[in-house]
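Student: what follows is a protein structure lacking sequence information:
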């Protein structure tokens, strides 16, 4: 089958290890099944794999990709949940220390066919397009869990998103505003703030700006550069949900005193569960949310999509059609 | 000042005890303040007071009304929170056994001026009209707490509302659909089901209909007539939130076995907190929700509004302008 | 191997279908393993299976038993978790609609060897005796989840247990008092109330007695006969956790009005998770709890234990040594 | 009346500003009442007040003390809850940004009489001694809330307490072990670790020691010196509850990556609610917990108690009898 896979790894030149070509069809062990993909999408995770981060070299070649949607062996249209729990695990799979993401241990979704545990199939709602379906299983699922499972907010609450332009941040803005949350964003770049407002944010602020009032929750994926601002922006009892630290994870001030005196909650979040993905898919289609798509191209042109991402030119999801 | 008040009570002829006329201005004890009302709205609670339910005769005359909005002594535009906690209570006021609603112990909102604890003022968001502001503090607040505090659902969850046409049910449909919940309703009357769909419900069913799939939560205000259907409609681990039992509160089957075997949660809910009202007001205006209004009339014509309610002719809120 | 198994079923004479004799050793499919049992214990569930309740006749012969402890293939001392999730299920296994208990689909623990999913092994703490270990996986786990997962109480809270003498009720009293909860019990029989006090209850009351103060939570396994008393005994915001209805599940009053007006929570509960069993085992040994044991006998004499249970003569667990 | 009060403040010589002498009896405004104290106890908070931290000079003279128990105007034996909410506040009082502790705005408990809001009286359980009653409202309440409201643990869970010897840490060990939690402590000083074990800890470790297994929750009052160890010691999904940072609040590594990747929760906690204090008092007496007392002396000798605390010689509570 055709697939985009890591053949080798290079920290400096990740594209050098990417190959788009033939790989053997995956086999489904007991309890697993296969999905014939219609669309797949790109994540920074795929570039890290090519750089040698998170993917040991002895597992190469490895088909990349953890976002995908397609048709199951039974003919059903499905999204592919990318978190693979260890056998027998019976709890939230994101807490399983031996879990993996597709493309870390098992071949991923940038291919004609992917094998996954049968339980990882999620029905694709009828009204959801193939392009949008492929956007949901990774960054959007991460955003869904941050906001709706971990932030402890209700419609009418105010939520601050640090760093308006990232993939998770974009999903947070689109999801939160469609769910009745008042979404505020910060950004170094006024244009990116304006884009966030166009996607549903209530207001955009400069990085570090003093806000008109304290917020109920902050969504953090930036880390060191915004940490003190996040803590200072919260009302007593508020929450900061963290799912990344792109500017570094060691702020000069951890702000422990403010955390305990204001009784804040800092909640770590990563990926999401199969059931959260099912609700996300239904929410997106029912609320008419259109995930921001950067570009759509055939899987055979995957190298172009990777290049856009490596060069930092993407705004929204890069989607491959199979 | 002009007010609509209960002068006497009659179970059979509630209108006979209603008087629209002059009452002395209310006095604000320490910690209280006054609000000059701009709008107020009617609830079944007001008719019960005239029937002699919940309001002891020795408290008459009593100004009716627990929905209202107006201008504070400081000139701020505010909603009036109707739950009056006992002095010193420091927890959720709806759990205070000595709490009261406006018009039960203290004069209510169907008047030119109302006195309330200073803490009961909630800022009216700029974009919220006076007519809509008056709709929120009672039935809409009840619906908000049911769905967003007690139902344990997330965007994309499916929620069944039993009895499409009641005041709380209407608010549930409008709030839930604006927050990304898939709202299903049941109704004895197809026209009322269609109205619910027009207000945002995803689908309407006949009473007792077998649903296409199990739901995550049920909102119950009907009681005996729908109880078994509610319990049978839930997925394992689902919730039924109950805030009324208009058809009686003793179903022939309490369904205890199904409750424990499916590990359901039955959650009682009544009114809401000041902070929930603040979030509700912001949500309504940010999401562009237009609370269903039956009619708007001057307070001087309050008797007409009461008559519509007693005769069962209202669909949505009856709002009085002051 | 030697086992106690259901050969046939009879609603009137459950012992007639019980056989204690040879059965083939169980086979462990992929992901499963075997445990060589050292002790096992009896539950009413085993008698129901012999009466034909919950166990279809076409599955006979079936080895009975869902309580057991023994030595794993790796030589570890383990408790056997009895809830078998369906393949790939990644959430609380007690919410899996296709789960089963040992002895419902797969052979149970009243045997020399049992096969279970590898994930169902729970380490036996060093200080826990084999007799006590066998007591925990069913009735005690049920009690643990009721009190510590579902009741929403804290040390110093007051908990009412309806029906002092049942197996789950006994475990509730022993667990709750060891965790700092003030345990009150009701009983038709003063002697059983006294026994509960001897096991750690703070006070015992007659059925339906007016309590000195409202309680924070009620543990219900009785159902119809005690339901109104349970609801009336709760403080506003309190919880009733239900895990059985031995007197019937259709009380004449479901008490819906009191449930919503006092904002009560009714929480269904059944069995528990693997992780709850692990904490339970550690708690029992660390707190020095001695589960009430009715009698200990060799598995070869299992018929005597079944007879005691059918005749209603047991107080505490009947434990078999293998 | 006799009282211990701050007459002036000195960062270097806190005792110089302490006076034990006559002060006017406090007056109770509307909604308040007075308590004739029988016992009171000392906290570091009282020394900070004398150093000029948290107590503005223009409020002097101020009666010190936030721990106390005595007899109400109605003749009831009561504990005094020290958190004074702002008028009309109807939610958790520890989240009220305008709350104060006794001795910050209103005169405190180191006196013959104290005035407090009537709602702040908590019944003293019959079996609780006056000496122990005075120990509970501040450090013990803080520990209770950390463990039982914020840590998300159950009996059988393992909890690590950083810094075995502090006042809150001692209370954590005594409370946790009595509630069925497996309490582990760390300490720079082996003797203090042994003392913790004598008070109920399961094991004591050196600071920074590698633990035999990951824990469910960590109780942090040390801060910078132990932060990385706390984060590294937690299982996925575990909690660190923080209520102080005696070694500084800016660890060199905030560990944000580990927090999000392991999905940890960091929960700030300070003081507790009136209802938590009521449960704490009942728990202490029912479970037979004997709060560690350093010394008991008459209020007239309060200077001796302050001196012991300033010199770092206390192990347990310093209690004053009135």
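Tutor: That came through, no problem. Since we're looking at a predicted model, the values are computed, not measured.

Student: chain neighbours aside, what residue packs nearest to the residue of chain A positioned farthest from its centre?
Tutor: What lies farthest from the middle of chain A is residue A:261; by Cα atoms, centre = their mean that is 32.5 Å. Once flanking residues are discounted, residue A:261 sits nearest to residue D:270: 5.9 Å by Cβ to Cβ, 6 or more residues apart in numbering or on different chains. No exception for glycine: its C-beta is placed from N, CA and C like everyone else's.

Student: helix/strand/coil for the residue of the stretch 51-200 of chain A found nearest chain B?
Tutor: Nearest residue of the stretch 51-200 of chain A to chain B (Cβ to the nearest Cβ) works out as residue A:156 at 3.1 Å. What DSSP: H, G, I helix; E, B strand; the rest coil gives for residue A:156 is coil.

Student: quick one: residues contacting it.
Tutor: Listed by Cβ atoms under 8 Å, 6 or more residues apart in numbering or on different chains, the contact set of residue A:156 reads A:180-182, B:278-284, B:286.

Student: by neighbours, which of those wins?
Tutor: Highest neighbour count within the contacts of residue A:156, by other Cβ atoms under 10 Å in any protein chain shown: residue A:181, with 32 neighbours.

Student: would you list the contacts of residue A:156 in a markdown table and tack on distance to residue C:227, secondary structure and pLDDT?
Tutor: Shown next, in a markdown table, are the contacts of residue A:156 (distance: Cβ to Cβ, whole Å; DSSP: H, G, I helix; E, B strand; the rest coil; pLDDT from 0 to 100):
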| residue | distance to residue C:227 | secondary structure | pLDDT |
| --- | --- | --- | --- |
| A:180 | 38 | coil | 98 |
| A:181 | 40 | coil | 98 |
| A:182 | 44 | strand | 98 |
| B:278 | 38 | helix | 98 |
| B:279 | 35 | helix | 98 |
| B:280 | 34 | helix | 98 |
| B:281 | 39 | helix | 98 |
| B:282 | 41 | helix | 98 |
| B:283 | 37 | helix | 98 |
| B:284 | 39 | helix | 98 |
| B:286 | 43 | helix | 96 |
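
Student: just to revisit the earlier point, for residue B:284, see how far away the residue of the stretch 51-200 of chain A closest to chain B is.
Tutor: 8 Å (Cβ to Cβ, to the nearest Å).

Student: cool, and residue A:102?
Tutor: With Cβ to Cβ as the criterion, residue A:102 and residue B:284 are 42 Å apart.

Student: and what of residue A:197?
Tutor: For residue A:197, the distance to residue B:284 equals 21 Å [Cβ to Cβ].

Student: nearest to chain D among the contacts of residue A:156?
Tutor: Distances from chain D to those, taken by Cβ to the nearest Cβ, are shortest for residue B:278, at 11.7 Å.

Student: do I have it right that that closest one meets residue B:123?
Tutor: Yes: under the criterion of Cβ atoms under 8 Å, residue B:278 makes contact with residue B:123 at 7.1 Å.

Student: now do stretch A:252-260, average pLDDT.
Tutor: The pLDDT scores in stretch A:252-260 average 96.

Student: just to be sure, residue A:27 is in a helix?
Tutor: No: per three-state DSSP, residue A:27 lies outside any helix segment and is coil.

Student: that one contacts residue A:113, correct?
Tutor: No: the pair residue A:27 / residue A:113 is not scored as a contact, 10.2 Å apart, by Cβ under 8 Å.

Student: which bits of the stretch 51-200 of chain A sit near chain C?
Tutor: Applying Cβ under 8 Å from any Cβ of the partner chain, one finds that the stretch 51-200 of chain A approaches chain C through A:85, A:87-93, A:96, A:117-120.

Student: now, those residues that are in helices?
Tutor: Among those, no member is found in helices (DSSP state H).

Student: select from the residues you listed the one having the most neighbours.
Tutor: residue A:90 leads these on contacts (other Cβ under 10 Å) with 28 neighbours.

Student: residues touching the residue nearest to that one when sequence neighbours are not counted, list them.
Tutor: The shortest distance from residue A:90 to any non-neighbouring residue, by Cβ to Cβ, 6+ apart, is to residue C:93 (4.2 Å). Residue C:93 makes contact with A:90, C:83-85, C:99, C:273-274, according to Cβ under 8 Å, 6+ apart.

Student: selecting buried members of the residues you listed in ChimeraX, what would you type?
Tutor: Selecting only the buried entries of those in ChimeraX, with 16 or more other Cβ atoms under 10 Å in any protein chain shown as the criterion:
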select /A:90 /C:83,84,85,99,273,274
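
Student: of the contacts of residue C:93, closest to chain D?
Tutor: Using Cβ to the nearest Cβ, residue C:273 comes nearest to chain D of the contacts of residue C:93, at 11.2 Å.

Student: how many neighbours does residue A:304 have?
Tutor: So residue A:304, with other Cβ under 10 Å, has 14 neighbours.

Student: my error: substitute residue A:54 in the last question.
Tutor: For residue A:54, the count of nearby residues is 12 (other Cβ under 10 Å).

Student: helix, strand, or coil at the closest residue to it other than its chain neighbours?
Tutor: Among residues not flanking residue A:54 along the chain, residue A:48 sits closest, at 5.6 Å (Cβ to Cβ, 6+ apart). In three-state terms, and counting by three-state DSSP, residue A:48 is helix.
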